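Student: show me the folded form of this:
(2 chains)
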Amino acid sequence: AQSVTQPDIHITVSEGASLELRCNYSYGATPYLFWYVQSPGQGLQLLLKYFSGDTLVQGIKGFEAEFKRSQSSFNLRKPSVHWSDAAEYFCAVGADNQGGKLIFGQGTELSVKP
Amino acid sequence: DGGITQSPKYLFRKEGQNVTLSCEQNLNHDAMYWYRQDPGQGLRLIYYSQIVNDFQKGDIAEGYSVSREKKESFPLTVTSAQKNPTAFYLCASSFVARQAKEQFFGPGTRLTVL
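Tutor: Numbers count the residues shown, from 1 in each chain, chains lettered A, B, ... in the order given. Okay, the predicted model is just below:
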């Protein structure tokens, strides 16, 4: 069955520290991969996406993610976290044969300590 | 500016009432989606539509209904058959024919049953 797993429900990092949010997927087809961010009470905003080519993708707000096919992972990273990065982060997977449907992970809530 | 609008932002319903949540997009997207979000459960797909006058059930369609009479609009009705409708509802849209079909999200509607 297709699935997306974000192993960490909640992560706390200090401002200025580096960040890595984990995402693992199980998908039969060649996947498209996305990271979204959601502030409380708001909709989701796309941070970055991967669909082919360079496995290291750059996104908005200084985020990047690396697609590792051998590990079925698409981890999100940021070298230096800002207090404004506190939010919930969702990994999502899609494929050509899914007609635009995405499968979302459960989300990781990020807290930032001053 | 192009985007997705949802209304109302907050909605209160008495038990036994049907309510309709509005979703409009001016991005010329073919597909539209409705998700339900509960704390700790990520996003669950309720219904989606890839073309006008056609729609498919998602993972949790029971107690909900939709219509797609116009490309720009995809209203969701929460019926009295939905046993636990209190949740945050998100509408999204995407192209269908392009690769890496990222979804764009509206700001959400929070529904509370009194």
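Student: over to the closest residue to B:G2 other than its chain neighbours: give its phi and psi.
Tutor: Distances taken as Cβ to Cβ, 6 or more residues apart in numbering or on different chains place B:L27 nearest to B:G2, at 4.9 Å, with adjacent residues excluded. (C-beta placed from N, C-alpha, C; glycine too.) Torsion angles at B:L27 (phi, psi; degrees, to the nearest 10) stand at phi -100, psi 0.
Student: quick check: B:L27 touching B:S93?
Tutor: Yes: assessed by Cβ atoms under 8 Å, B:L27 is found in contact with B:S93 at 6.0 Å.
Student: was I right about B:P75 contacting B:S67?
Tutor: Yes: the pair B:P75 / B:S67 is scored as a contact, 6.1 Å apart, by Cβ under 8 Å.
Student: sorry, back to before: overlap in contacts, B:L27 and B:S93.
Tutor: In terms of Cβ atoms under 8 Å, 6 or more residues apart in numbering or on different chains, B:L27 and B:S93 are both contacted by the residues B:4, B:104.
Student: out of the two, which sits in the busier spot?
Tutor: Set B:L27 next to B:S93 and count neighbours by other Cβ atoms under 10 Å in any protein chain shown: B:S93 wins out with 27 against 14.
Student: for the helix or strand containing that one, packing partners?
Tutor: Using DSSP states H and E, B:S93 sits within strand B:87-94. Strand B:87-94 is packed against strand B:4-7, strand B:19-25, strand B:31-37, strand B:104-105, strand B:109-113, with contacts defined by 3 or more Cβ pairs under 8 Å, 6 or more residues apart in numbering or on different chains; DSSP states H and E.
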